[in-house]
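J.: fold the following, please.
(one chain, ligands or ions: 1)
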Amino acid sequence: MKLRPSTEKHKELFKEWQKEGQMEEITCREIKNEKPFVDPKVLAFSFFVENIKEPIGKFNCFSINKRNKSCECGYAVNPKYRGQGYGEIMIRYCVNYLFNNFNFNKLYCQTGSFNKSSVKILKKSGFHRDGVLREHHELDGKLWDDYIYSILRAEWKKWNKF
Ligand SMILES: CC(C)(COP(=O)(O)OP(=O)(O)OC[C@H]1O[C@@H](n2cnc3c(N)ncnc32)[C@H](O)[C@@H]1OP(=O)(O)O)[C@@H](O)C(=O)NCCC(=O)NCCS
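T.: Have a look, this model is predicted:
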């Protein structure tokens, strides 16, 4: 066996694999006799509140997987308005909106263990900590764990605080 460093021909070399490869990346297993659904779109939301003209925050859904009925979510509050409870309101609003308007079964997020407010919001909003990516995230010279949090449709239905 030989290991060859990649050259610019790398893509060409794996051209035949590409279709299958993309599908596997998304589904983790081959789908026979079925057209894979790959939606490149990102669902993006901007969050506004009354009497403030600029957006308070943004919420994005990416890696939308129609087969698995899941997507990953990322969010940020405008730095000027952090620490005022908007993050929690926005995340709950978006989770509600996504489950009410789309056929998702699962929404998940990756967040740094150092990100106290993000972790707190997810816990308070009914998300489950699915796993830890150990020493995954460099910040200020330290390697921190990242957490994966998710909420399932069935859990959201039981969650009355939205
Ligand atoms: C994470 C983020 C969205 C939180 O939004 P926010 O509006 O500032 O958060 P909230 O004001 O709703 O606060 C949420 C909770 O965290 C708590 N909190 C805030 N800072 C904290 C800290 N350092 N330690 C412990 N708790 C903290 C708040 O007290 C609040 O809890 P409470 O309601 O029980 O009082 C915001 O900080 C942000 O945009 N960060 C940058 C982007 C990011 O990290 N995104 C998440 C990864 S995808």
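J.: show me where the chain has its strands.
T.: Here the chain has its strands, by DSSP state E, at 43-47, 57-65, 70-77, 106-112, 128-139, 142-152.
J.: what residues of the second one count as buried?
T.: Think strand 57-65. With burial defined by 16 or more other Cβ atoms under 10 Å, the residues of strand 57-65 counted as buried are 57-61, 64-65. Backbone N, C-alpha and C define where each C-beta goes, glycine included.
J.: run me through the strand neighbours of that strand, direction for each.
T.: Strands that pair with strand 57-65, judged by DSSP bridges, come out as strand 43-47 (antiparallel), strand 70-77 (antiparallel).
J.: and those, which one's lowest on average pLDDT?
T.: Mean pLDDT values for those show the minimum at strand 43-47, a mean of 86.
J.: return the most buried member of the strands paired with strand 57-65.
T.: Each of these was scored by mean neighbour count; the highest is strand 70-77, a mean of 19, by mean count of other Cβ atoms under 10 Å.
J.: residues in contact with that one?
T.: With contact meaning Cβ atoms under 8 Å, 6 or more residues apart in numbering, strand 70-77 is reached by 43, 56-65, 86-87, 90-91, 94, 98, 104-110.
J.: which of those residues come close to the ligand?
T.: 86-87, 109 (Cβ under 6 Å from any ligand atom).
J.: in CSV, list those residues along with neighbour count and pLDDT.
T.: Below are these laid out as CSV (neighbours: other Cβ atoms under 10 Å; pLDDT from 0 to 100):
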residue, neighbour count, pLDDT
Tyr86, 17, 94
Gly87, 23, 95
Cys109, 20, 96
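J.: what's the closest of those residues to the ligand?
T.: Gly87 (2.2 Å; Cβ to the nearest ligand atom).
J.: right, and that closest one touches Lys120 too?
T.: No. Gly87 lies out of contact with Lys120 (Cβ atoms under 8 Å); the separation is 9.1 Å.
J.: burial measure for the residue lying closest to Ser118 once chain neighbours are set aside, as a count.
T.: Spatial nearest neighbour of Ser118, chain neighbours left out: Thr111 (4.4 Å); criterion: Cβ to Cβ, 6 or more residues apart in numbering. For Thr111, the neighbour count with other Cβ atoms under 10 Å is 20.
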